[in-house]
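> could you look at this predicted model? Sequence included:
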Amino acid sequence: MTVDRVKAFGYLRQALTTAPLLLMPDLKLPFKLYIDASGDGLGTALHQVQIINDKPVEGPICFISRQIKPTESRYGASQIECLCLVWALEKLNYFLQGCVFEVITYCTAVKSLLNMKTPNRHMLRWQIAIQEYRGNMTIVHKYGNIHKNADELSRWPLPNNIDNPSYVPEEASTQIPIEGITITDLYTTFFEELRNSHTKDKNCSILCQLLTEDCKDRSLTHALHEIWNKLLDKGRFHLLDGIIYHTTKHTCVMKVVERFSNTPIFLPSHKDDTPMDTALLVWNRVVSWTGIFTNIISDRDPKFTTALWMNLHQIFGKKLCFSTAYHPQTDGLAERMIQTLEDMTTIHSSTNQTPDILEKEWNPKLTEDSLRKDFVEIHPTAASFKGILDKARKHAIRFMEDSFSYAQDKWDKAHATADFKVGYLVLVSTTNFNKIKGCKKLKDFFAGAFVIKALHGQNAIEVELSEELSNKHPTSPVSLIKLNKSSDAEKFPLRIKVPQVIPPIESSCIKKITKFLKERKLKANKVREYLVRCINPTCKYEWLAEKDIPEAKKLLRRSRNTRNNNITK
């Protein structure tokens, strides 16, 4: 028995009798995600570095693995590694969403998955699926000997059978004997049941008779309910292939995504809705579902940048954040929801089938289908809750009205209409005059004065421009025009203006030269100049010719003697 064998036996006994201690995840600290894939399965290990006994220790949080499916076995090495990353992010979403983490892999193709320019259909689908982790995820390449924890999980995955504790019966193959085959057209069955349901309701059956082309008995409208009769007069009902369609005349859909739970909310609206209509729609349909928002992320929609919304943000203490469309770090999820809605709407309009039928092959029941018709009594708690909502709605409406009036007053004060008449002298702003001669920085703010030639409503004025500005358009908006205020000389032509005499500035001190610094010779006039240091309040250093220096020969001789003595020393 050697020493190496004794140590090996001790290590083996320790490995068999002890297990790695799983750490409790700390969402404030970054994670480490080890991924590995092989021809048999996928393996992932989630680790985290925590402080234990005043020392940083990396420990495991959880381990997951699975077998690869028969279709996945035909993937290449790069595709199977990218599949492992997408599967790991999907399974460990409750750990990694909103947290910073590092993905460690030995395959370099995984690093280019986020920014791949020409991906195939698998890579493109996976690239879109992991866009929400952009900014928080860092992919690092390391050699294979570091992936021992994830490599073992991918080499020996547990099969999906009864012996596996995580057995999933849906994935197991089942054999059911076929006793009979029935072929049903879901499209025909769905609309046939919808047509038959019209006969069970009194109002629907009357509408089916009134909306037919050969209906002449208009007295049936008295048998309709009052609300149904009003909607019929407005032309909201249409009969097509025996099915009643109710049109709301909405022209667009406002989409809201609640970022905490990633829940989309689709609200029918109109393109010409005012900011007040949008605010009421958000209050009635969004705030009641999600609560008061922390901030709003919008791609600079004018409906959310008006003074009304700015005042609402100040009242609630919130803020408006701007973003760029199709930007994955801000509202990429919202933009993706819009594309999905457009695709579903296009398919629905081309196939005349509901989205639920196309996606799930069945139509879910609505809430109104499950309500009891004989239920009349209301619980006191529900009535009090309704009263609270009514009070909150009135309070919010009052705030919105005050905000709207404040915005309107602010607009009226800033955009006061000037009293212009034909013949007045006005000045025209040079903001749009781009081809005026001279430097742009020295350009005057206004040009003129010009005579008003004609008034085009309350917002535009036509003036007679000079020959210099004849290439400009004579009509300008009121915001770029102001009245020409005459000067005092024009108002009082008989006033005598006394000329102002400015006394000459006399130099209080005589220029005194203390030292010669440099000398130069000008080639043009062959004059020698000297750089001297002066005692002068205006200029301390100055280039002077010999004739301009008092006692020049004496000072030059003294300067040369001093320079020669310094060289000798």
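Here it is on my side, so go on. Numbers count the residues shown, from 1 in each chain.
> quick one: the strands in the stretch 301-450 of the chain?
For the stretch 301-450 of the chain, the strands defined by DSSP state E, counting those that start in this stretch cover 319-322, 425-429, 446-456.
> please identify the deepest-packed of those.
strand 425-429 (a mean of 19; mean count of other C-beta atoms under 10 Å). To be clear about C-beta, it is placed using only N, CA and C from the backbone, and glycine gets the same treatment.
> quick one: work out the angle between it and strand 446-456.
110 degrees (axes from the mean of the first three to the mean of the last three C-alpha atoms, to 10 degrees).
> what's the spacing between strand 425-429 and its chain's center?
Centre-to-centre, strand 425-429 and its host chain are 42 Å apart (C-alpha atoms, centre = their mean, to the nearest Å).
> any low-confidence regions in the stretch 151-300 of the chain?
160, 165-191, 194, 213-218, 234, 236, 240-242, 246-249, 299-300 (pLDDT under 70).
> hmm, back to that, take the strands of the stretch 301-450 of the chain and lay them out in CSV including mean pLDDT.
Shown next, in CSV, are these (pLDDT from 0 to 100):
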stretch, mean pLDDT
strand 319-322, 73
strand 425-429, 85
strand 446-456, 83
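> among these, which is nearest residue 119?
Closest approach to residue 119 among those (C-beta to C-beta): strand 319-322, 29.8 Å.
> neighbouring strands - and their directions - for that closest one?
Next to strand 319-322 in the sheet, as set by DSSP bridges, lie strand 295-298 (parallel).
> ok, residues contacting stretch 106-113?
Defining contact as C-beta atoms under 8 Å, 6 or more residues apart in numbering, one finds that stretch 106-113 is touched by 35-36, 77-78, 81-82, 85, 103, 105, 123, 126-127, 130, 139, 141-144, 146-147.
> quick check: buried residues in it?
Within stretch 106-113, the residues scored as buried using 16 or more other C-beta atoms under 10 Å are 106-107, 109-110, 113.
> CSV for these, including pLDDT and distance to residue 351?
Below are the buried residues of stretch 106-113 laid out as CSV (pLDDT from 0 to 100; distance: C-beta to C-beta, whole Å):
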residue, pLDDT, distance to residue 351
106, 83, 47
107, 84, 41
109, 79, 38
110, 83, 39
113, 80, 34
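> and those residues, which of them are in helices?
Using DSSP state H, the subset of the buried residues of stretch 106-113 located in helices is empty.
> distance to residue 55 for these - can I get that in CSV?
Formatted as CSV, these follow (distance: C-beta to C-beta, whole Å):
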residue, distance to residue 55
106, 28
107, 32
109, 36
110, 31
113, 35
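> looking at these, spot the one nearest residue 297.
Distance to residue 297, by C-beta to C-beta, is smallest for residue 113 among the buried residues of stretch 106-113, at 25.8 Å.
> among the buried residues of stretch 106-113, which one lies nearest to residue 68?
residue 107 (15.3 Å).
> the closest one and residue 38: what is the separation?
Per C-beta to C-beta, to the nearest Å, residue 107 is found 12 Å from residue 38.
> now swap in residue 72 and tell me
Taken as C-beta to C-beta, the spacing of residue 72 relative to residue 38 amounts to 12 Å.
> overlap of the contact sets of the two?
Joint contacts of residue 72 and residue 38 (C-beta under 8 Å, 6+ apart) do not exist.
> show me how this protein divides into domains.
19-168, 186-246, 425-487, 512-563 (automatic domain parsing).
> dump those to TSV, plus distance to residue 4.
Conversion of these to TSV gives the following (distance: least, C-beta to C-beta, whole Å):
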stretch	distance to residue 4
domain 19-168	22
domain 186-246	72
domain 425-487	86
domain 512-563	85
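> out of those, nearest to residue 360?
In terms of C-beta to C-beta, the element of these nearest to residue 360 is domain 186-246, at 10.7 Å.
> residue 467: what's it in contact with?
Residues in contact with residue 467 (C-beta under 8 Å, 6+ apart): none are found.
> and it, what pLDDT?
According to the prediction, residue 467 has pLDDT 79.
> got the phi/psi numbers for it?
Here is the backbone geometry of residue 467 (degrees, to the nearest 10): phi -60, psi -30.
> wait, which of the buried residues of stretch 106-113 is closest to residue 265?
Using C-beta to C-beta, those come closest to residue 265 at residue 113, 30.9 Å.
> name the helices or strands packed onto the host helix or strand of residue 461?
Taking DSSP states H and E as the definition, residue 461 sits inside strand 460-463. Counting contacts by 3 or more C-beta pairs under 8 Å, 6 or more residues apart in numbering; DSSP states H and E, strand 460-463 is packed against strand 425-429, strand 446-456, strand 475-477.
> what helices or strands is the second one leaning on?
Pointing back at strand 446-456 there. Short answer (3+ C-beta pairs under 8 Å, 6+ apart): strand 446-456 packs on strand 425-429, strand 460-463.
> what does that strand contact?
Strand 446-456 has contacts (C-beta under 8 Å, 6+ apart) with 420-430, 433, 461-466, 469, 474-475, 482, 484.
> now these: which count as buried?
Neighbour counting with 16+ other C-beta under 10 Å marks 420, 424, 426-430, 461-463, 465, 469, 482 as buried within those.
> three-state assignment of residue 164?
On the three-state scheme (DSSP: H, G, I helix; E, B strand; the rest coil), residue 164 is labelled coil.
> tell me how far it lies from residue 285.
Remark: distance between residue 164 and residue 285 (C-beta to C-beta) = 46 Å.
> what do you get for residue 548?
Where residue 285 is concerned, residue 548 sits at a distance of 88 Å (C-beta to C-beta).
> which stretch of helix or strand covers residue 29?
Assigned by DSSP H and E, residue 29 belongs to no helix or strand.
> got the contact list for it?
48-50.
> so what's residue 58 closest to, chain neighbours aside?
Distance criterion C-beta to C-beta, 6 or more residues apart in numbering; nearest residue to residue 58, sequence neighbours excluded, is residue 49 at 4.8 Å.
> and that neighbour, helix, strand or coil?
Three-state call for residue 49 (three-state DSSP): strand.
> which residues touch it?
Neighbour list for residue 49: 29-30, 32, 56-58 [criterion: C-beta under 8 Å, 6+ apart].
> and it, how far from residue 22?
From residue 49 to residue 22 the distance is 15 Å (C-beta to C-beta).
> what's the answer for residue 403, then?
The gap separating residue 403 from residue 22 is 54 Å, by C-beta to C-beta.
> quick one, strands of the stretch 101-250 of the chain?
101-105, 137-141, 237-240, 243-246.
> can you redo the buried ones among the contacts of strand 446-456 as TSV with distance to residue 224?
Output for those, formatted as TSV (distance: C-beta to C-beta, whole Å):
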residue	distance to residue 224
420	58
424	64
426	63
427	66
428	64
429	62
430	67
461	57
462	59
463	63
465	67
469	69
482	63
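> lovely, talk soon.
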